[in-house]
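Q: With the sequence up front, the predicted model follows.
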Amino acid sequence: MYRWFKRWIVPNDRQRVKSIQFVITVSFTLATVLVMLFVAFVLYNKFARTAEQNAYLSNQQIVEQVNYNLEIYLKGMADIFEQLDQHIRRSPSVPNDRLLEQLDTIMHTREDLVSLALFTTNGTPLTGLPNEPLRTTSRVTEQSWFRAAMDNPNHLAFSVPHIQNLYKGEYKWVVSMSKMITIDRGGTPFPVVLLVDINFKTIDELLHRVSLGKKGYVYIIDESAGNIIYHPQQQLIYIGLKYENVEQALKYTYGSYEDLSTGEKRLITIKTVSSVGWKVIGVSYMDEIMTTQKEISGFISWLLLFVVVFVLFISAYMSARISLPIKRLEKSMRKVEQGEFDIHLPVSGEDEVGRLSRRFNLMVGRIGQLMDQIIEEQEAKRKNELEVLQSQIHPHFLYNTLNSVVRMAGTGKTEEVVTMITSLSKFFRISLSRGKHIISVQEELEHVRNYLVIQKIRYKNQFEYEIEAEPEVLVCRTLKLILQPLVENAIYHGIEMMQDTGLIRITAAAIGGRLRLQVQDNGLGIPPGKLEHLLTGPSQPGEGSGVGLRNVHDRIRLYYGEEYGLQVESEREEGTTVMIWMPIVREEANE
């Protein structure tokens, strides 16, 4: 496409420059760019103003929500204070056990209630919870909450956050609610100060989760003195007047303004908590709002660039449409390269591409026929190799067995001769199996049992044998004559040279959805160097017993596939275990 576009957009002669296609494309591109520039300018201004207005509105909504949550929380605390006040006023005497029980019940309804105390106007404690001694240096009458209660009788006062220092061992960060009330003492009105401390941690958790952008935050001041009541950086409660422009914030009851007192342009939003006279102040940084505007500007710039490029190459789309049949042909050829030959290209038209598609279909069809022919030839070759391997099994064993029969007949061992001839006849009857290559596991085990009977007589009971099989696998199908070569190896290379009596154990079982036939002996074992290349390395003349493990392994893999075959495990002077893995087949296999 690039070569075509370059050839088209950089003309070689005057005629191409004056072509209608060239003029329309260039005119359309220029008109589109101008329109996009105008639209981008309008959209940027609109989005930038909207982003700034949304920032103002979002800050106001967050601050109002914080103010609402704070008012709800403080109203709940004021209601609890009122309940305590009513219980104390109604009590016939202060203190008394029933009153303390009622106050304790109310205190335990809220985890954020820290303490409750009742003092006379000269600071003498009357009662309180928890029932702990007061600190001797508490100086109750000098506390800010005590003076606020004395200065404004019957008015509930909230203090700034402070460390509670009334009780020994108590150093919690609290906000104190205090109020002067009147109780009945011996029929005479008696003024007292009621104090309730609430844990400041609840207010801190309520406000700490609030954020205005990545750097923005919310803090609270007291509108009467400008003291910072809450700040996410707690140390600023003491030095906040130097960091936050509190004097400017005190002039506003509600609203937003921009502040430059800290060197950074900040948006300040204020809302007053009417019930206690606190001001909730939200601080957000204008550079974050400008970041949003930069993102909008970047987006519009990329959009403009994309539209220009799209319009510039719109004419190339037509050439792409023309080249579509060629791309389809290329895609089909790639599939053929990957080995997929079931492909037929749709042919339309009599042009060069149509004729090329027809020839491609003829070529793919011919390749498919050749592939089918090769598969059939390979299958015939595989079967022939299997038959050749099977035909190599018996001559050597037959010669040795008949030789043994002749020697025993010459020495008059008639009973052994009969046993060997009978076992040999059964052995060859199963070997022949009327030309079948697949027999049942039961027949294969019977075949190897006859072989072991013959060999045990030949070796004069030099070994014992055991044959075990799960009943359900006896009807499974298997390649015939695969156990006898393994047993022959076990005798000739594992047990023959032993001084002690050998043991050959044959088992058949279903393991993990596969059929496993296993031949295990306690013979001399296989050297590690030989074991490593027993099934994969080159065959050595004179090794094995004619057929050997390799032929059995190859027969199984040729018939069932590469994932099946033999697995050999051996330890010197311990013995050898050969496992045959095959699929579980319960019906007669095709031969």
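A: Cool, got the structure.

Q: make it CA atoms for all contacts and neighbour counts henceforth
A: Will do.

Q: just checking, next helix/strand downstream of the helix or strand harbouring Arg516?
A: Per DSSP states H and E, Arg516 falls inside strand 514-521. As assigned by DSSP H and E, the chain's next helix or strand after strand 514-521 is helix 528-532.

Q: So what touches that following helix?
A: 568, 570 (CA atoms under 8 Å, 6 or more residues apart in numbering).

Q: and if you look at stretch 107-114?
A: Residues contacting stretch 107-114 (CA under 8 Å, 6+ apart): 115, 174, 196-199, 201-202.

Q: mind running it again at 10 Å?
A: 77, 80, 84, 101, 106, 115-116, 129-130, 164, 170, 172-176, 196-203 (CA atoms under 10 Å, 6 or more residues apart in numbering).

Q: Give the buried residues for that stretch.
A: Neighbour counts over stretch 107-114 (16 or more other CA atoms under 10 Å) mark 107, 112-114 as buried.

Q: quick one: which of those sit in helices?
A: Of the buried residues of stretch 107-114, the ones assigned to helices by DSSP state H are Met107.

Q: which two in the buried residues of stretch 107-114 are spaced the farthest apart?
A: Greatest spatial distance among the buried residues of stretch 107-114 (CA to CA): Met107 and Asp112, at 8.9 Å.

Q: Outline the domain layout of this structure.
A: With domains defined by automatic domain parsing, the chain comprises 1-312, 323-387, 392-583.

Q: now the ones you listed as TSV including mean pLDDT?
A: Putting the domains of the chain into TSV (pLDDT from 0 to 100) gives the following:
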stretch	mean pLDDT
domain 1-312	76
domain 323-387	73
domain 392-583	82
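
Q: And the buried ones among the contacts of stretch 107-114, selectable in PyMOL?
A: Buried subset of those, written as a PyMOL selection, criterion 16+ other CA under 10 Å:
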select buried, resi 77+80+84+115+116+164+172+173+174+175+176+196+197+198+199+200+203
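
Q: Could you list which of the contacts of stretch 107-114 belong to helices?
A: Those of the contacts of stretch 107-114 lying in helices (DSSP H): 77, 80, 84, 101, 106, 200-203.

Q: biggest separation within those residues, which pair?
A: Glu101 and Ile203 (27.7 Å).

Q: Can you verify my assumption that Thr182 contacts Val94?
A: No: applying CA atoms under 10 Å, one finds Thr182 not in contact with Val94, separated by 11.5 Å.

Q: what pairs with Arg514 across the strands?
A: Ile511, Pro583 (DSSP bridges).

Q: count of residues packed around it?
A: As a burial measure, Arg514 scores 15 neighbours (other CA atoms under 10 Å).

Q: Tell me how far it lies from Arg505.
A: Separation of Arg514 from Arg505 (CA to CA, to the nearest Å) stands at 20 Å.

Q: same deal with Gln499?
A: Distance from Gln499 to Arg505, by CA to CA: 19 Å.

Q: swap in His533?
A: Distance from His533 to Arg505, by CA to CA: 24 Å.

Q: These two - which one has more neighbours?
A: Arg505 (16 against 11).

Q: who's in contact with the more buried one?
A: If you count contacts by CA under 10 Å, 6+ apart, then Arg505 has 464-468, 487, 518-522, 577 around it.

Q: Would you mind putting the residues you listed into a markdown table with distance to Val347 alongside?
A: Shown next, in a markdown table, are those (distance: CA to CA, whole Å):
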| residue | distance to Val347 |
| --- | --- |
| Glu464 | 75 |
| Tyr465 | 72 |
| Glu466 | 70 |
| Ile467 | 67 |
| Glu468 | 66 |
| Val487 | 64 |
| Gln518 | 60 |
| Val519 | 62 |
| Gln520 | 65 |
| Asp521 | 68 |
| Asn522 | 71 |
| Thr577 | 63 |
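
Q: Now name the helix or strand holding Met180.
A: strand 173-185.

Q: Please save the CA atoms from that strand in CSV.
A: Only the C-alpha atoms of strand 173-185 are listed here, as CSV (Å, rounded to 0.1, in the frame of the first residue of the first chain):
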residue,chain,number,x,y,z
TRP,A,173,-7.0,11.7,71.9
VAL,A,174,-10.6,13.0,72.6
VAL,A,175,-13.1,15.7,71.9
SER,A,176,-14.9,16.9,75.0
MET,A,177,-18.6,17.7,75.2
SER,A,178,-19.4,19.8,78.3
LYS,A,179,-22.5,21.7,79.7
MET,A,180,-23.6,23.3,83.0
ILE,A,181,-26.7,21.6,84.2
THR,A,182,-28.8,21.9,87.4
ILE,A,183,-29.6,18.9,89.6
ASP,A,184,-31.8,18.6,92.7
ARG,A,185,-29.8,18.1,95.9
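
Q: Which strands or helices does it pack on?
A: helix 20-90, strand 113-120, helix 144-151, strand 157-158, strand 162-163, strand 188-199, helix 200-208 (3 or more CA pairs under 10 Å, 6 or more residues apart in numbering; DSSP states H and E).

Q: out of these, which comes closest to His553?
A: helix 20-90 (72.0 Å).

Q: The closest one vs helix 200-208, what angle?
A: 160 degrees (axes from the mean of the first three to the mean of the last three CA atoms, to 10 degrees).

Q: distance between helix 20-90 and the chain's centre?
A: Offset of helix 20-90 from its chain centre (CA atoms, centre = their mean, to the nearest Å): 36 Å.

Q: Same check on stretch 207-222?
A: 35 Å.

Q: repeat for stretch 84-94
A: 62 Å.

Q: now swap in stretch 507-524 and tell me
A: Counting by CA atoms, centre = their mean, stretch 507-524 comes out at 40 Å from the chain centroid.

Q: now the end-to-end length of it.
A: Start and end residues of stretch 507-524 are separated by 20 Å (CA to CA).

Q: got the buried residues for that stretch?
A: Buried-residue list, stretch 507-524, by 16+ other CA under 10 Å: 507-510, 515-524.

Q: What residue, apart from its backbone neighbours, is nearest Lys344 spatially?
A: You called it Lys, but residue 344 is His. Leaving out its chain neighbours, the residue that sits closest to His344 by CA to CA, 6 or more residues apart in numbering is Asn361, at 5.9 Å.
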